[in-house]
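Asks: coordinates only, no sequence provided:
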């Protein structure tokens with residue numbers, strides 16, 4: 001049934017959008033494509049699983065642990081890797097290469113600690129209850145993913161549009177130097193952005209781990225590829241584009257599995273993205289404006 005597939009697509013697309021929001025937030029404010037974001041996403045999921053398995057935390061506690069652990073990890077990456085490169089005015093390619101190295105280190109570290117095999121969250125962590133509406137079955141997990149994702153995305157977009165902090169971040173996105181001259185604590189907001197973006201990635205890691213019922217060290221690699229596709233589709237640095245792009249990718253994947261076959265899932269989804277970008281190379285909300293130094 002098409003309606004059932006749309007519900008499945010919405011829950012998966014929400015996770016993609018949440019991951020892509022953190023990804024595009026870093027690019028929009030710091031002007032960096034952080035290619036360690038997928039590994040941070042994976043580490044957040046593992047941190048939550050360990051908190052549940054060894055500390056007995058409920059799901060909401062696991063989500064807090066994932067946000068905090070991933071956020072601190074993102075902050076450390078900024079302090080140790082991105083900040084020194086900013087101080088030296090390194091070309092844009094250098095942070096990308098550096099964060100690739102960070103991602104490899106994190107992936108290998110997790111694989112060394114936990115092994116390459118899949119691990120899972122305890123079955124009792126999420127209720128198996130299913131809600132049926134007009135013949136459409138929605139599990140408690142799917143409903144929780146949709147509600148939590150939309151709540152977090154709405155809070156982030158509202159904060160960026162309506163608060164003084166959001167206005168400061170938008171000023172930095174336009175020109176860090178001009179923002180500094182206006183008295184904005186540019187470096188401090190860089191740290192805050194890295195923390196929040198990584199934290200959102202960690203929460204997305206928990207949600208996708210629950211959705212797929214599997215955690216493994218390379219889970220961040222495919223998510224990183226999809227995150228890059230989503231932010232390019234939506235328009236680099238645009239929050240609306242990240243949201244719509246993530247939902248589109250989830251819809252394309254679920255419908256391709258339902259009507260074409262699981263082996264063609266990524267081919268169909270990325271093929272559609274490619275066709276859209278042929279028509280609109282700057283993405284759905286992209287502009288020709290460039291970041292000022």
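Replies: Thanks, I have the structure now. Fair warning: this is a prediction, and the values are worked out from it, not measured in the lab. Numbers count the residues shown, from 1 in each chain.
Asks: let me see the ranges of the strands in the chain.
Replies: Counting by DSSP state E, the segments of the chain that form strands are 130-133, 136-139.
Asks: got these as JSON lines, with mean pLDDT, distance to residue 196 and mean neighbour count columns?
Replies: Bear in mind the C-beta positions are built from the backbone N, C-alpha and C, glycine included. Output for the strands of the chain, formatted as JSON lines (pLDDT from 0 to 100; distance: least, C-beta to C-beta, whole Å; neighbours: other C-beta atoms under 10 Å):
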{"stretch": "strand 130-133", "mean pLDDT": "78", "distance to residue 196": "32", "mean neighbour count": "10"}
{"stretch": "strand 136-139", "mean pLDDT": "81", "distance to residue 196": "29", "mean neighbour count": "16"}
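Asks: of the ones you listed, which approaches residue 70 most closely?
Replies: Nearest to residue 70 among the strands of the chain is strand 136-139; the distance by C-beta to C-beta comes to 25.2 Å.
Asks: can you get me a residue count around residue 19?
Replies: 32 (other C-beta atoms under 10 Å).
Asks: surely it meets residue 198?
Replies: No. In this structure, residue 19 is not within contact of residue 198 by C-beta atoms under 8 Å, at 11.0 Å.
Asks: intersection of neighbour lists for those two?
Replies: With C-beta atoms under 8 Å, 6 or more residues apart in numbering applied, the overlap between the contact sets of residue 19 and residue 198 consists of residue 37.
Asks: circling back: and the strands of the chain: which comes nearest residue 42?
Replies: Of all those, the one in closest proximity to residue 42, counting by C-beta to C-beta, is strand 136-139 (23.7 Å).
Asks: residues making contact with stretch 276-287?
Replies: Contacts to stretch 276-287, defined as C-beta under 8 Å, 6+ apart, come from residues 231-236, 238, 240-241, 244-245, 288.
Asks: which parts of it are buried?
Replies: Of the residues in stretch 276-287, 276-277, 283-286 count as buried by neighbour count, 16 or more other C-beta atoms under 10 Å.
Asks: what residue ranges in this protein score low on pLDDT?
Replies: Along the chain, the parts satisfying pLDDT under 70 run over 1, 286-293.
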